[in-house]
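Peer 1: following is a predicted model, sequence given first.
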Amino acid sequence: MGHKQRILLIYTGGTIGMVKDYDSGSLKAFDFKTLKSNIPELNQLDCVIESVSFENPIDSSNMNPVHWVAIAGLIEENYPDFDGFVVLHGSDTMSYTASALSFMLENLGKPVIFTGSQLPIGDLRTDAKENLITSIQIAALQGKAGPVIQEVGLYFEYKLYRANRTTKINAEHFQAFSSPNYPPLAESGVHLKVYDEYLLKPRKSKKLKVHKVLNTDVAILKMFPGLNESVVKSILSTPNLKALILETYGAGNAPTEEWLLKCLKNAIDRNIHIVNVTQCPGGSVIMGRYETSRALVRMQVISGKDITTEAAITKLMYMLGDNVSPKLFKTIFETSLRGELQ
Ligand code: ASP
């Protein structure tokens, strides 16, 4: 018999571990020890589960890159001692954190599974138990050549997704996430089905490298009919701005008004990277397909292809933090680093 898989639970906060404050009636984070005693089922799993909690668990709306570095640090410190990691996180910004971690953990060879829930673990109708228990089982899955999952995943409501392909789509349904441009990596039904053909296969020989410098001199600008020049100018004149995501229409289209193109060209000439990401939940940017994106091609706007905004903004923070040279920036952004784009 092989050794029992060792799984580290990292509790950051979120609804999964919240209770109702009787004075205000609002949900707030509570002590992780109570979370564990709320799920006696954990003792039935055939693995060793240890846990570590943020000192002050947070609602994930308060997540920021400092917390991402803390999570990456916990995984790095504990990497040799555990076979897999499950990160409990609020669903609101889970796709951002999980995308960021996918970039920060280069050459990841073990599963890092993010999960959370829409209802607190103590609620009678909670979705937390299934999400947590199956996430642990997924993190403990071993194949002939080691861990089955060797990437950052997000498990919610019976589906495991590649984390950097996900987006939160619903604040009400248990199915809170979707991965519009990449199929699920696994599905939980009567059996736990893993779709091997969709998994990332990292190179075994490479050692985990944890990137902890993230640059937040970035912004997102969503196109809408009526967007005016002073708004665009003011964003592009933000001190130290290094990169901007343009959330464009459809296949990467933007208005062809001269003032807009001038503003963008001027920013690119000042070495600000402009990335074209579609505001459509599914599909890809194909610059040049329509007249309305040809000018963007000419001025060397970066194509986000089918990346999510969550993955794009965190990829920018990671690449800028890594000081990727301006010459290579476009090529590297347009290349899949962790399976985040086609
Ligand atoms: N507001 C909560 C959070 O993101 C929602 C959740 O956990 O699902 O922390």
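Peer 2: Now that the structure is in, tell me what you want to look at.
Peer 1: for the rest of this, base every contact and every neighbour count on C-alpha atoms.
Peer 2: OK.
Peer 1: list the residues that contact the residue of the stretch 101-250 of the chain found nearest the ligand.
Peer 2: Residue of the stretch 101-250 of the chain nearest the ligand, by C-alpha to the nearest ligand atom: Gln118 (4.7 Å). Gln118 is in contact with Thr15, Ile16, Ser91, Thr126, Asp127, Ala128, Ala171, Glu172, His173, Phe174, Ala176, counting by C-alpha atoms under 8 Å, 6 or more residues apart in numbering.
Peer 1: wait, a strand at it?
Peer 2: No - assignment of Gln118 by DSSP: H, G, I helix; E, B strand; the rest coil gives coil, placing it outside any strand.
Peer 1: so which of the contacts of Gln118 is the most crowded?
Peer 2: Ile16 (30 neighbours; other C-alpha atoms under 10 Å).
Peer 1: I'd say it and Ser91 touch.
Peer 2: No - using C-alpha atoms under 8 Å, Ile16 is not in contact with Ser91; the gap is 9.1 Å.
Peer 1: common neighbours of the two, please.
Peer 2: Jointly contacting Ile16 and Ser91 under the rule C-alpha under 8 Å, 6+ apart are Gly116, Ser117, Gln118.
Peer 1: and the closest residue to Gln5 other than its chain neighbours, how far from Phe333?
Peer 2: Leaving out its chain neighbours, the residue that sits closest to Gln5 by C-alpha to C-alpha, 6 or more residues apart in numbering is Cys47, at 4.9 Å. Separation of Cys47 from Phe333 (C-alpha to C-alpha, to the nearest Å): 39 Å.
Peer 1: give me the more crowded residue out of the two.
Peer 2: Counted by other C-alpha under 10 Å, Cys47 and Phe333 do not tie: Phe333 has more neighbours, with 20 against 17.
Peer 1: phi first, then psi, for the more buried one.
Peer 2: The phi and psi values for Phe333, taken as degrees, to the nearest 10, are phi -60, psi -40.
Peer 1: quick one: contacts for it?
Peer 2: Ile302, Gly304, Lys315, Leu316 are the contacts of Phe333 under C-alpha under 8 Å, 6+ apart.
Peer 1: where strands are concerned, which of the residues you listed count?
Peer 2: Judged by DSSP state E, the contacts of Phe333 include Ile302 as members of strands.
Peer 1: which of the contacts of Phe333 count as buried?
Peer 2: Among these, those scoring as buried are Ile302, Gly304, Lys315, Leu316 (criterion: 16 or more other C-alpha atoms under 10 Å).
Peer 1: for the first one, which non-adjacent residue is closest in space?
Peer 2: So that's Ile302. Distance criterion C-alpha to C-alpha, 6+ apart; nearest residue to Ile302, sequence neighbours excluded, is Val275 at 4.6 Å.
Peer 1: ok, what's across the strand from the one you found?
Peer 2: In this entry, Val275 is beta-bridged to Ile245, Ile302, by DSSP bridges.
Peer 1: returning to that earlier point: the residue nearest to Gln5 touches Leu8, doesn't it?
Peer 2: No - the pair Cys47 / Leu8 is not scored as a contact, 10.3 Å apart, by C-alpha under 8 Å.
Peer 1: one step back: how close does the residue of the stretch 101-250 of the chain closest to the ligand sit to His89?
Peer 2: Distance from Gln118 to His89, by C-alpha to C-alpha: 11 Å.
Peer 1: need the overlap of contacts for these two.
Peer 2: Ile16.
Peer 1: quick revisit: can you give me phi and psi for the residue nearest to Gln5?
Peer 2: phi -150, psi 160.
Peer 1: do the same with Leu160
Peer 2: Torsion angles, degrees, to the nearest 10, at Leu160: phi -100, psi 130.
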